[in-house]
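Novice: Sequence and predicted model, in that order:
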There are 2 protein chains.
Amino acid sequence: MRDQWFFEKTIPEILDESRTSIKIKKKIYSGKSSYQKIEVFDTLVFGRMLVLDRVVQLSQIDEFIYHEMLVHLAMFSHQNPKKVLIIGGGDGGALREVLKHPIEEACVVDIDKKVIEISKKYLPFVSKGAFKNKRAKIFIEDGIKFTKKYKNFFDIIILDSTDPSGLSIGFFHGKFYQDVSRALAENGVLIIQSGCIFEQFLRVKSIYNKLKKIFFEVKIHQACIPSLQCSSEYIFILALKSVSQKPNYKNIKQRYKKLNLDLEYYNPEIHFSSAVLPKYLAKKLNVNT
Amino acid sequence: MRDQWFFEKTIPEILDESRTSIKIKKKIYSGKSSYQKIEVFDTLVFGRMLVLDRVVQLSQIDEFIYHEMLVHLAMFSHQNPKKVLIIGGGDGGALREVLKHPIEEACVVDIDKKVIEISKKYLPFVSKGAFKNKRAKIFIEDGIKFTKKYKNFFDIIILDSTDPSGLSIGFFHGKFYQDVSRALAENGVLIIQSGCIFEQFLRVKSIYNKLKKIFFEVKIHQACIPSLQCSSEYIFILALKSVSQKPNYKNIKQRYKKLNLDLEYYNPEIHFSSAVLPKYLAKKLNVNT
């Protein structure tokens, strides 16, 4: 039998000039929901992977880097988060990390029920039972419509969507970020998975500029995530709604020690070191350093 | 005409299970030296690239990240570097960065004359005339034999070799690091390009452990370099020969301001943030954080 290889769908930004391919050990699932193609397969290099519309969403070996950075950068930027909204995140990884904190409730809003079902069945190591937690509320709805219903409510909003395409293009519009800001409580914090700094620079810049117009402070954080389709830093953009909760190292360190979470990637030093930008990037993004 | 794609030689560590390929716009040069196959081609994504034995050595778009980190992490870890040795580095990029400092002399020792010739001819944007500088001395010799000839001489030794293979395998032996330590002056600093933390973890760990036995302090620094064959952080290992010159932020910041170098990636904040390790890596490498 011939080897089977997975070729990731090319990022439009780089015009099919560079490709990553990964040898498939075993196809676990392949199907279609009303919204997208869903695939799960095992690989030797990255373990089990979830792929939506031919784009890698997560892999077993390094999803902890993505989910810890996405969640804890935001959670530790708030003094006392109680109400959390995760938009997207149907795999349950962000929910798993959020529930490590002493929060009251975490809402997951994903439009695609099938992603949640497939993730529970074939990727149980991601959610680790989080969907059954009493503090978790799952909504099968459009995240944009859901967000519009709230005002001054959530302490944290985590945007864990797919890349901008038909299904999620609205998550990258300034109009949506205004709705998010309104849905956040006074000291609310937003975090957005924003793609790769090299291949998707224009997207990162666009999100950053839109948020700067709406939020009090906007910070770019980075982490390397081997299995995601990018050859450089993966970007998380963190936005604070108001001035009073701006985090400092000492405060984060204290709360991190007190909470004693079981983490493998995020720590208070990473919180700050991940936001240090080289000069060329600061210039390109027009960020003051 | 069919598109031409460059498939990088697979890293032995990942067993041909994952591949990166880059579309070639134009082949500029292809030939063989006594030691290796040398290729230069233009790509749309990464600009002009230098490839040795099917492994990407540098590309136009991001070589500044590699060369600035390799050189300035070491140069700013020494109070007053005057004599510098670059082992490998036939493309001239490390030399270009070293010469930005007020040093007395920089020796480049590369066994392959042809790499220097091809780099001068087809990649002039890398050396930028550095080979003609009066403070530069070029030796076409085996770096291991060259290093053995010196004792307490160099302030900085920069190991800018190819990956461990026939030609450069000796650069990854503990015996060589002992010779390097002897060739360094009292407060000497060594830096080694050490590969990628994900794909080449065992190599990184091996270099780290060998250096720990010989040097006073060993630090792992990281940077993302899009065009290099790795999907995660690229590692530079920095080793200090003695206790007295351990750099601190204030001191580096002062000298950085005074020297006013023309840099795009390295800065004093990056010097320290690039050395912050996530917990899982510190554990795997047995590093105290």
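Specialist: It's in.

Novice: Tell me which stretches of the stretch 101-250 of chain A form helices.
Specialist: Taking DSSP state H, counting those that start in this stretch to define them, one finds helices in the stretch 101-250 of chain A at A:113-122, A:124-127, A:143-148, A:174-183, A:201-214, A:249-259.

Novice: Which strands or helices does the first one pack on?
Specialist: By that I understand helix A:113-122. Packed against helix A:113-122 by the contact rule (3 or more C-beta pairs under 8 Å, 6 or more residues apart in numbering or on different chains; DSSP states H and E) you find strand A:18-32, strand A:37-43, strand A:47-52, helix A:124-127. Where C-beta positions appear, they are placed from N, C-alpha and C, glycine not excepted.

Novice: With chain B as the reference, name the closest of these.
Specialist: strand A:18-32 (4.5 Å; C-beta to the nearest C-beta).

Novice: hmm, back to that, turn the helices of the stretch 101-250 of chain A into CSV, columns for mean neighbour count.
Specialist: Shown next, in CSV, are the helices of the stretch 101-250 of chain A (neighbours: other C-beta atoms under 10 Å in any protein chain shown):
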stretch, mean neighbour count
helix A:113-122, 18
helix A:124-127, 18
helix A:143-148, 19
helix A:174-183, 18
helix A:201-214, 18
helix A:249-259, 13
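
Novice: want to throw these into TSV with mean pLDDT?
Specialist: Conversion of these to TSV gives the following (pLDDT from 0 to 100):
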stretch	mean pLDDT
helix A:113-122	98
helix A:124-127	98
helix A:143-148	97
helix A:174-183	97
helix A:201-214	94
helix A:249-259	95
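
Novice: Output stretch A:259-278 as CSV, restricted to C-alpha atoms.
Specialist: Output of stretch A:259-278 as CSV, limited to C-alpha atoms (Å, rounded to 0.1, in the frame of the first residue of the first chain):
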residue,chain,number,x,y,z
LEU,A,259,-3.7,28.8,42.3
ASN,A,260,-1.0,26.1,41.8
LEU,A,261,-2.5,25.0,38.5
ASP,A,262,-1.2,22.0,36.6
LEU,A,263,0.5,23.7,33.6
GLU,A,264,3.3,22.6,31.3
TYR,A,265,3.8,25.7,29.1
TYR,A,266,2.4,28.9,30.6
ASN,A,267,4.1,30.6,33.6
PRO,A,268,4.4,34.2,34.7
GLU,A,269,7.8,34.6,33.0
ILE,A,270,6.4,33.3,29.7
HIS,A,271,3.5,35.8,30.1
PHE,A,272,5.9,38.7,29.8
SER,A,273,8.6,37.2,27.6
SER,A,274,6.1,36.1,25.0
ALA,A,275,5.2,39.8,24.5
VAL,A,276,8.7,41.0,23.7
LEU,A,277,8.8,42.0,20.1
PRO,A,278,11.9,42.3,17.9
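
Novice: which other residues reach it?
Specialist: Residues external to stretch A:259-278 that are found in contact with it (C-beta atoms under 8 Å, 6 or more residues apart in numbering or on different chains): A:64-65, A:68-69, A:72-73, A:76, A:100-102, A:219-223, A:236, A:247, A:249, A:252-253, A:256, A:285, A:287, A:289, B:65, B:264-267, B:269-270, B:272-274, B:276, B:278-280, B:289.

Novice: List buried members of those by neighbour count.
Specialist: Using 16 or more other C-beta atoms under 10 Å in any protein chain shown as the burial test, the contacts of stretch A:259-278 include A:64-65, A:68-69, A:72-73, A:76, A:100-101, A:219-223, A:236, A:247, A:252, A:256, B:65, B:265-267, B:269-270, B:272-274, B:276, B:278-279 as buried.

Novice: that older thread, turn the helices of the stretch 101-250 of chain A into JSON lines, including distance to residue B:207.
Specialist: Formatted as JSON lines, the helices of the stretch 101-250 of chain A follow (distance: least, C-beta to C-beta, whole Å):
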{"stretch": "helix A:113-122", "distance to residue B:207": "38"}
{"stretch": "helix A:124-127", "distance to residue B:207": "32"}
{"stretch": "helix A:143-148", "distance to residue B:207": "46"}
{"stretch": "helix A:174-183", "distance to residue B:207": "45"}
{"stretch": "helix A:201-214", "distance to residue B:207": "32"}
{"stretch": "helix A:249-259", "distance to residue B:207": "31"}
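
Novice: Test my guess that residue A:92 contacts residue A:133.
Specialist: No. Counting by C-beta atoms under 8 Å, residue A:133 is not a contact partner of residue A:92; they are 10.0 Å apart.

Novice: Which one's more surrounded, those two?
Specialist: residue A:92 (29 against 17; other C-beta atoms under 10 Å in any protein chain shown).

Novice: Which segments of chain A make up each domain?
Specialist: Per automatic domain parsing, the domain ranges recorded for chain A read A:4-59, A:63-285.

Novice: and these, which one's lowest on average pLDDT?
Specialist: Per-stretch mean pLDDT for these is lowest at domain A:4-59 (a mean of 83).

Novice: what about that one, distance to the chain center?
Specialist: 18 Å (C-alpha atoms, centre = their mean, to the nearest Å).

Novice: And that domain, end to end?
Specialist: Domain A:4-59 has its terminal residues 18 Å apart, counting by C-alpha to C-alpha, to the nearest Å.

Novice: OK, contacts around residue A:27?
Specialist: Residues in contact with residue A:27, defined by C-beta under 8 Å, 6+ apart, are A:4, A:39, A:40, A:41.

Novice: can we see that at 6 Å?
Specialist: By C-beta atoms under 6 Å, 6 or more residues apart in numbering or on different chains, residue A:27 lies in contact with residue A:41.

Novice: got it, and residue A:135?
Specialist: A:105, A:106.

Novice: returning to what we had before: would you turn the domains of chain A into TSV with distance to residue B:27?
Specialist: Listed next are those as TSV, based on distance: least, C-beta to C-beta, whole Å:
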stretch	distance to residue B:27
domain A:4-59	15
domain A:63-285	22
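
Novice: what's the closest of those domains to residue B:166?
Specialist: domain A:4-59 (25.5 Å; C-beta to C-beta).

Novice: how close does residue A:217 sit to chain B?
Specialist: Here residue A:217 is placed at a distance of 18 Å from chain B (C-beta to the nearest C-beta, to the nearest Å).
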